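Enquirer: Sequence first, predicted model second:
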There are 2 protein chains.
Amino acid sequence: MQRTSFKNMRRSLAQALELIGDWWTPLILRDVFLGLHRFDEVVENLGISRNLLARRLAMLATHKIIARKVYSRRPVRYEYRLTAAGEELVPILVALTAWGDRWSAPPGGAAIEFVHTACGHRFAPSIVCSQCGEEIDAATTVGAARPGAKSGPGVTVIARKLAQAT
Amino acid sequence: MQRTSFKNMRRSLAQALELIGDWWTPLILRDVFLGLHRFDEVVENLGISRNLLARRLAMLATHKIIARKVYSRRPVRYEYRLTAAGEELVPILVALTAWGDRWSAPPGGAAIEFVHTACGHRFAPSIVCSQCGEEIDAATTVGAARPGAKSGPGVTVIARKLAQAT
DNA sequence: CATAGTCAGTTCAATCATTCAACTGTCAGG
DNA sequence: CCTGACAGTTGAATGATTGAACTGACTATG
């Protein structure tokens, strides 16, 4: 990767995007979550080229977002499952899917619905504040530079902006 | 774009990823949300190349995720703001940021925190079921092919899988 | 035993996207 | 007149992605 590395920028969004910030990775994770655990199943379902899938799976495995397990010796065959980190990504993918539905639904609507088995209902995901439980949105949310954070290349511009606003 | 088009696959996640499924777009949206409304501010903050930013902004504008507004004639100058669709993406970006923090926090922790001004607290985003209000996770969530949906190229494999499970 | 098929990849050429740096054009202020 | 801000555009070099063919270890069928 020749892309600008964000390793020293101490920005969590960029960190997340280094792992799942491309076209295929979220789709792969969704497929694994939905029950497609084998290489060829994912290839067939997504139409991704095999070399790219191999690379993505290797990358996701080294970052422990998915786990690679032997399900057969003779011949050696692997299957893929979500780890804890991968599973915590699922609600986000669900939310993204809902957003895609809402703002660019294809004719006929979504192909997949999500069911919350805990309560038995089909549901829409909503993202709430852990403190008060209310939905968060752009109007009631403010980003702020963390007090302790050293200002890297990127933090400066935002910090300056926020200083002006004060 | 020579990428496999998902236009006919009636999948909402793929739809969403066509719009924000790349490296820079989420970062651009975050910057616009955080108060960086001008071209050069974003360039400086992200280190993105100018031609790419121009293309991304044009694309986001045509899909009405951001709006391009004239803030000065003579010379003509534009600024960028989130539309309703863009603002509904913000909670998802916040959730992604939190995930990045949790699973691959850079040394020193996050550079940015989010504050919910409605209740005044710093918060962690949590994604809950719209029906019962409980947090959703991979264990209690099931994806299902929508009854009415025509099976496109991709739906088949998952549908087959789910049929086996029944 | 031979043949076909499954599975999880690897290899490679062609094509596409991204980076980096330099450039354009309009205007304001000194 | 000169400098600088601003919002881009242009183009060569580099990198990533696609698509198709191939490998290698096995299993199931006739």
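Expert: Structure received.

Enquirer: Tell me, how many residues neighbour the nearest residue to A:Ile92 once chain neighbours are set aside?
Expert: Nearest residue to A:Ile92 in three dimensions, chain neighbours excluded: B:Ala95, at 5.1 Å (CB to CB, 6 or more residues apart in numbering or on different chains). Just so you know, the C-beta spots here come from the backbone N, C-alpha and C atoms, and that holds for glycine as well. Look at B:Ala95: counted by other CB atoms under 10 Å in any protein chain shown, it has 24 neighbours.

Enquirer: Would you check that B:Ala95 makes contact with A:Leu93?
Expert: No: using CB atoms under 8 Å, B:Ala95 is not in contact with A:Leu93; the gap is 10.3 Å.

Enquirer: The residue of chain A most remote from its centre: what secondary structure?
Expert: Taking CA atoms, centre = their mean, the residue of chain A most remote from its mean C-alpha position is A:Arg74, at 34.2 Å. Judged by DSSP: H, G, I helix; E, B strand; the rest coil, the three-state class of A:Arg74 is coil.

Enquirer: same thing with A:Arg68?
Expert: With three-state DSSP as the criterion, A:Arg68 reads strand.

Enquirer: And the strands in chain A?
Expert: Applying DSSP state E to chain A gives strands spanning A:66-72, A:77-82, A:112-116, A:121-122, A:125-129, A:141-145.

Enquirer: which one of these has the lowest average pLDDT?
Expert: Here these differ in mean pLDDT, and the lowest is strand A:141-145 at a mean of 67.

Enquirer: How much space separates the residue farthest from the centre of chain A from DNA strand D?
Expert: To DNA strand D, A:Arg74 is 4 Å away according to CB to the nearest atom of the strand, to the nearest Å.

Enquirer: State the distance from that residue to A:Arg38.
Expert: Plainly put, A:Arg74 is 17 Å away from A:Arg38 if you go by CB to CB, to the nearest Å.

Enquirer: contacting residues around A:Arg50?
Expert: Contacts for A:Arg50 (CB atoms under 8 Å, 6 or more residues apart in numbering or on different chains) come out as A:Phe39, A:Val43.

Enquirer: please redo it, this time with the cut-off set to 7 Å
Expert: Listed by CB atoms under 7 Å, 6 or more residues apart in numbering or on different chains, the contact set of A:Arg50 reads A:Val43.

Enquirer: Report pLDDT for it.
Expert: Here the pLDDT value assigned to A:Arg50 is 97.

Enquirer: Distance check, it against A:Ile66.
Expert: Separation of A:Arg50 from A:Ile66 (CB to CB) stands at 17 Å.

Enquirer: For chain A, give me the ranges with low pLDDT.
Expert: Chain A contains residues with pLDDT under 70 at A:1-10, A:105-112, A:143-166.

Enquirer: Quick check: closest non-adjacent residue to A:Ala85.
Expert: Nearest residue to A:Ala85, sequence neighbours excluded (CB to CB, 6+ apart): B:Trp103, at 4.6 Å.

Enquirer: hang on, the earlier thing: mind putting the strands of chain A into a markdown table with mean neighbour count and distance to chain B?
Expert: Converted to a markdown table, the strands of chain A look like this (neighbours: other CB atoms under 10 Å in any protein chain shown; distance: least, CB to the nearest CB, whole Å):
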| stretch | mean neighbour count | distance to chain B |
| --- | --- | --- |
| strand A:66-72 | 13 | 12 |
| strand A:77-82 | 16 | 6 |
| strand A:112-116 | 21 | 4 |
| strand A:121-122 | 14 | 4 |
| strand A:125-129 | 21 | 4 |
| strand A:141-145 | 18 | 5 |
